[in-house]
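Q: model the structure of this input:
(chains A and B)
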Amino acid sequence: MNWDLVWSSFGPIISGAITGTIPLTLASFVLGLILALLVALMRLSPNVLLSGAGRFYVSVIRGTPLLVQLFVIFYGLPSIGIRLDPWPSAIIAFSLNVGGYAAEIIRAAILSVPKGQWEAGHTIGMSRPQTLLRVILPQAARVSVPPLSNTFISLVKDTSLASLILVTELFRNAQQIAAFSQEFMVLYLQAALVYWVICLVLSTGQSVLEKRLDRYVAH
Amino acid sequence: MSPTESDAQQRPRAGSVLSARNLQKSFGSNTVLRGIDLDIRRGQVVALIGPSGSGKTTVLRSLNGLEIPDAGTVTFAGAAAPVSGKVGGEQPGTLTIDFAKATGRKDLASLRDRSAMVFQHYNLFPHMTVLKNVIGGPVQVQKRPRAEAIADAEKLLERVGLADKRNAYPFELSGGQQQRVGIVRALALKPQLLLFDEPTSALDPELVGEVLGVIKELADEGWTMVIVTHELAFARSVADEVIFMDGGVVVERGPAAEVLRAPRQERTRQFVQRLNHDI
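A: Sure thing, here's the model as predicted:
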């Protein structure tokens, strides 16, 4: 085993994680969640046009491969005159993808809050948006942390697909060193290890968050 | 409750605080209200009784727009004092909602401004402490100063014997304590009218008394209240008027003693007898 190579490769791989994988994940997840909340509210709307549009969006996102979505945005759009750089393409594709999956999670979480909570909010004079923000979403958050954590952790690993549209991130750096050194097994295992460590940290964060949100629930 | 507070909102006045006319409501093919009229005077306590499915809860929920009747009107009289406690705010005038016309969010909001509701299942906000539950309406909706809302809330909590629970979460309280918080949350809004939807039906029998005790005190203080209840003994001791409903109509109404002791209608008699046998 070429230990020198192993040690010297961790540098570029980790720097790919810090400058590529992690910011790409965070940006896409935050934008995706905002989108997901909007889509969830559309789907819950009594307006058939809104709820229909929401359902269509979720169906398209969940019914097509993420890699294809990424390619359509980066390689497809230029043929209709929309040319995006790798980073914006990746963030758009991942946000749209998270938006589709998380929308269903948030919708279910909102529906899981008893109707009496809406009524209590209304009877103390809160408007629908106020009740949603102050009463319903905090309770929905507790329910949605485990499934949203799944989405988040999947997203970390899915960002490796961005290497295929030339985004410099963890996996692309590993690939380049592997191609150069021909040490494929070592480099890909190193990449896997770094992804795993990131996900372990996130799982720990999930437990902490769940405990925090559970403090008002009987055990 | 300090005397000044209750005096301010509940100053006895001639005439009705609330009048409902010809409330009608169907759920699909099931007609639950077939033209209900109600008049509630300032300081009056009205008990709505009747078998389940009689429409009594629907009437109560119509008064604050949780249920939107298909037709009918609800009129609140102008307040004797600022109901919402808005500093420098206008004193609310007469408000009439005609349910036959489209009722928008604004209509519902102004309707809900006049009353506060105590629910059968408390419906406290589980993610907020007792204090936050109580001050939510006054601070976030009525925009009253936070310090003032907290001082009021503490006074009210102390009144119902829960001053030491201000930082507890609802799950840490017994059912009776939760319902007392529910009552305090309603009182903190300083409403013209208090609505109770079977406030003791979800409670263990040994906890019913503490909640009924609080409601009785409020009645004695002169709060205007409409109470849907199955507790006939309680209705007899606290209500000025009892309204017996069955099948979406008012079968009989009158002073509590008359309706509950010597009902004129056969249906009322059967209902009262059946409940009394249960006891």
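Q: C-alpha from now on. contacts and neighbour counts both.
A: OK.
Q: the nearest residue to B:Ala239 once chain neighbours are set aside: neighbour count?
A: Once flanking residues are discounted, B:Ala239 sits nearest to B:Val45: 4.9 Å by CA to CA, 6 or more residues apart in numbering or on different chains. The local packing of B:Val45 (other CA atoms under 10 Å in any protein chain shown) involves 26 other residues.
Q: around chain B, pick out the residues from chain A.
A: Contact residues (CA under 8 Å from any CA of the partner chain) of chain A with chain B: A:116-117, A:119-120, A:122-127, A:135, A:138-139, A:216-218.
Q: distance of A:Leu26 from B:Glu206?
A: A:Leu26 is 53 Å from B:Glu206, where distance means CA to CA, to the nearest Å.
Q: same question, A:Val60
A: Going from A:Val60 to B:Glu206 by CA to CA gives 56 Å.
Q: between those two, who's got more neighbours?
A: Legend: neighbour count by other CA under 10 Å for A:Val60 and B:Glu206, higher for A:Val60 (13 against 8).
Q: which SSE is the more buried one in?
A: helix A:48-63 (DSSP states H and E).
Q: same for that helix, what does it pack against?
A: On a contact count with 3 or more CA pairs under 8 Å, 6 or more residues apart in numbering or on different chains; DSSP states H and E, helix A:48-63 meets helix A:22-44, helix A:86-112.
Q: now do the buried residues in it.
A: A:Leu50, A:Ser51, A:Gly54, A:Arg55, A:Tyr57, A:Val58, A:Ile61 (16 or more other CA atoms under 10 Å in any protein chain shown).
Q: kindly reformat these as TSV containing distance to B:Asp164.
A: Formatted as TSV, these follow (distance: CA to CA, whole Å):
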residue	distance to B:Asp164
A:Leu50	47
A:Ser51	46
A:Gly54	47
A:Arg55	49
A:Tyr57	51
A:Val58	49
A:Ile61	52
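Q: dump those to CSV, plus pLDDT.
A: CSV is the format used below for the buried residues of helix A:48-63 (pLDDT from 0 to 100):
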residue, pLDDT
A:Leu50, 97
A:Ser51, 97
A:Gly54, 97
A:Arg55, 97
A:Tyr57, 97
A:Val58, 97
A:Ile61, 97
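Q: returning to that earlier point: what's the most buried one of the helices and strands packed on helix A:48-63?
A: Of all the helices and strands packed on helix A:48-63, helix A:86-112 carries the top mean neighbour count, a mean of 22, counting by mean count of other CA atoms under 10 Å in any protein chain shown.
Q: angle of it against helix A:22-44?
A: Angle of helix A:86-112 versus helix A:22-44, following axes from the mean of the first three to the mean of the last three CA atoms, to 10 degrees, is 40 degrees.
Q: which elements pack onto helix A:86-112?
A: Using 3+ CA pairs under 8 Å, 6+ apart, helix A:86-112 is in contact with helix A:22-44, helix A:48-63, helix A:66-71, helix A:137-158.
Q: give the next helix or strand downstream of it.
A: Following helix A:86-112 in sequence, per DSSP H and E, is helix A:115-123.
Q: and the next helix or strand past that next one?
A: helix A:128-131.
Q: quick check: buried residues in that next one?
A: By neighbour count with 16+ other CA under 10 Å, helix A:128-131 contains the buried residues A:Thr131.
Q: what do you get for stretch B:139-154?
A: B:Val139, B:Gln140, B:Val141, B:Gln142, B:Arg144, B:Ala149, B:Ile150, B:Asp152, B:Ala153, B:Glu154.
Q: near chain A at all, it?
A: Yes. Using CA under 8 Å from any CA, stretch B:139-154 reaches chain A at B:Gln140, B:Val141.
Q: for chain B, which segments are assigned as strands?
A: Ranges of strands in chain B, per DSSP state E, are B:16-27, B:30-41, B:45-49, B:71-76, B:95-98, B:115-118, B:193-197, B:225-228, B:241-246, B:249-255.
Q: would you reformat those as TSV and include distance to B:Ala163?
A: As requested, those are exported to TSV (distance: least, CA to CA, whole Å):
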stretch	distance to B:Ala163
strand B:16-27	32
strand B:30-41	32
strand B:45-49	27
strand B:71-76	33
strand B:95-98	36
strand B:115-118	19
strand B:193-197	22
strand B:225-228	24
strand B:241-246	33
strand B:249-255	36
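Q: now these in JSON lines, with mean pLDDT?
A: Putting the strands of chain B into JSON lines (pLDDT from 0 to 100) gives the following:
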{"stretch": "strand B:16-27", "mean pLDDT": "93"}
{"stretch": "strand B:30-41", "mean pLDDT": "94"}
{"stretch": "strand B:45-49", "mean pLDDT": "96"}
{"stretch": "strand B:71-76", "mean pLDDT": "93"}
{"stretch": "strand B:95-98", "mean pLDDT": "91"}
{"stretch": "strand B:115-118", "mean pLDDT": "96"}
{"stretch": "strand B:193-197", "mean pLDDT": "96"}
{"stretch": "strand B:225-228", "mean pLDDT": "97"}
{"stretch": "strand B:241-246", "mean pLDDT": "96"}
{"stretch": "strand B:249-255", "mean pLDDT": "95"}
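Q: which residues does the spatially most central residue of chain B bridge with?
A: Centroid-nearest residue in chain B, with CA atoms, centre = their mean: B:Leu195, separated by 0.8 Å. As for beta bridges, B:Leu195 partners with B:Met117, B:Val226 under DSSP bridges.
Q: hmm, it is touching B:Val59, no?
A: No. Contact criterion CA atoms under 8 Å: B:Leu195 and B:Val59 do not qualify, at 10.6 Å.
Q: next one: stretch B:207-227 to chain centre, how far?
A: Distance of stretch B:207-227 from the chain centroid (CA atoms, centre = their mean, to the nearest Å) equals 10 Å.
Q: what residues of that stretch count as buried?
A: Taking 16+ other CA under 10 Å as the criterion, stretch B:207-227 shows B:207-208, B:210-212, B:214-216, B:218-219, B:222-227 as buried.
Q: distance across stretch B:168-181, terminal residue to terminal residue?
A: Using CA to CA, one end of stretch B:168-181 lies 11 Å from the other.
Q: does that stretch come close to chain A?
A: Yes. Contact between stretch B:168-181 and chain A, assessed by CA under 8 Å from any CA, occurs at B:Tyr169, B:Pro170, B:Phe171, B:Glu172.
Q: thinking again about what came up before, dump the helices and strands packed on helix A:86-112 to TSV, plus distance to B:Ile40.
A: Compiled in TSV, these are given as follows (distance: least, CA to CA, whole Å):
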stretch	distance to B:Ile40
helix A:22-44	38
helix A:48-63	41
helix A:66-71	63
helix A:137-158	37
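Q: what sits closest to A:Ser28 if chain neighbours are left out?
A: A:Ser95 (4.5 Å).
Q: how about B:Gly72?
A: B:Leu23 is the one closest to B:Gly72 (CA to CA, 6+ apart), at 4.3 Å.
Q: beta partners for the one you found?
A: Here B:Leu23, judged by DSSP bridges, has bridge partners B:Ile36.
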